[in-house]
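Engineer: Please work out how this folds:
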Amino acid sequence: MAATKPPLRHTLSTRAPSEGGARAPPLPHPVAELRLINGFDLLRDGVPIRLPRSVQRLLAFLAFSERPLERVYVAGTLWIDASEERAFASLRSALWRANRHAIPLVNTESSRLALAPGIRVDLRAAAEQARSLVDGSAGDDVTLDSFALAGDLLPDWYEDWVLLERELYRQLRLHALEALATRLTALRRFEEAVEAALTAIANEPLRESAHRTLIRVYLAEGNPSEALRHYEQFRVLLDERLGLVPSLQLEELVAEMRARSLTVR
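Structural biologist: Residues are numbered from 1 along each chain as shown. Sure, this is the predicted structure:
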């Protein structure tokens with residue numbers, strides 16, 4: 001389709017409005033669960049529902065936005081290389097396939113499309129959890145296991161509209177892991193803080209902010225030798241992989257650590 005398409009309103013960057021500005025309470029018993037992290041799955045009472053690829057793409061695309069989307073936008077994005085007539089025909093076919101099950105999957109009551117009420121999306125829940133860590137609203141009763149911070153979004157999908165959402169979620173997840181490590185350090189739960197920081201590093205080995213977070217955990221724990229050892233490992237890795245040196249921020253952190261060590265002597 002030749003028409004210029006408006007930007008997609010992403011799940012990770014926007015929140016759907018509700019009456020009076022209040023968020024609607026979550027449904028206690030979802031009709032179905034849509035899983036997009038670590039791969040596509042649609043479950044009803046724990047039992048997978050088999051869907052053709054066209055329906056999977058449609059559900060994932062709608063799940064990325066908490067606002068209903070115009071049919072023309074959905075058709076033009078999902079079938080971008082097809083003519084307008086062909087794109088709308090493909091959309092009609094996908095909608096028919098989506099709603100021929102015992103439970104409807106897509107709300108088609110208007111010119112806009114949205115996931116049917118009662119479908120819980122793991123991405124939305126994980127993103128909300130991650131935001132609560134980043135903005136500090138998660139409180140003190142936090143553990144790594146209680147947050148869904150592992151796994152990529154639809155890792156084996158390579159369409160442009162998926163790649164953007166995957167990167168948005170990856171960045172949010174990494175910031176959340178660093179925030180969790182920092183919070184656990186403040187609570188003096190150092191073992192858990194180290195695990196959270198190492199999880200961030202495992203997800204992105206060249207991310208300096210994650211390495212700085214881990215070094216700060218070691219210093220707060222009273223292990224300057226571990227902090228220095230990790231700094232040297234990261235410095236070598238950065239040079240070998242990218243031909244770069246650590247930032248001034250990290251160098252100052254290590255210099256301050258060494259200065260304190262000399263003062264103690």
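
Engineer: Output the longest helix belonging to this protein.
Structural biologist: In the chain, taking DSSP state H as the definition, the longest helix is helix 160-186.

Engineer: could you pull out the helices for the stretch 101-250 of the chain?
Structural biologist: 122-134, 160-186, 190-203, 208-221, 224-242, 248-264 (DSSP state H, counting those that start in this stretch).

Engineer: Might one say that residue 213 is in contact with residue 183?
Structural biologist: No. Contact criterion C-beta atoms under 8 Å: residue 213 and residue 183 do not qualify, at 10.8 Å. For the C-beta atoms, the positions are set from N, CA and C on the backbone; glycine is no exception.

Engineer: So for the two, which residue has more residues nearby?
Structural biologist: residue 213 (24 against 19; other C-beta atoms under 10 Å).

Engineer: For the more buried one, list the residues it contacts.
Structural biologist: Going by C-beta atoms under 8 Å, 6 or more residues apart in numbering, residue 213 touches 178, 181-182, 197, 200.

Engineer: Does residue 75 touch residue 83 like I think?
Structural biologist: No. Counting by C-beta under 8 Å, residue 75 sits too far from residue 83 to count as a contact (10.6 Å).

Engineer: more neighbours, those two?
Structural biologist: Legend: neighbour count by other C-beta under 10 Å for residue 75 and residue 83, higher for residue 75 (23 against 11).

Engineer: mean confidence score for the host helix or strand of the more buried one?
Structural biologist: Here residue 75 sits within helix 71-78, counting by DSSP states H and E. Mean pLDDT, helix 71-78: 97.

Engineer: what do you get for stretch 249-265?
Structural biologist: pLDDT averaged over stretch 249-265 gives 81.

Engineer: next one: that stretch to chain centre, how far?
Structural biologist: How far stretch 249-265 lies from its chain's middle: 35 Å, per C-alpha atoms, centre = their mean, to the nearest Å.
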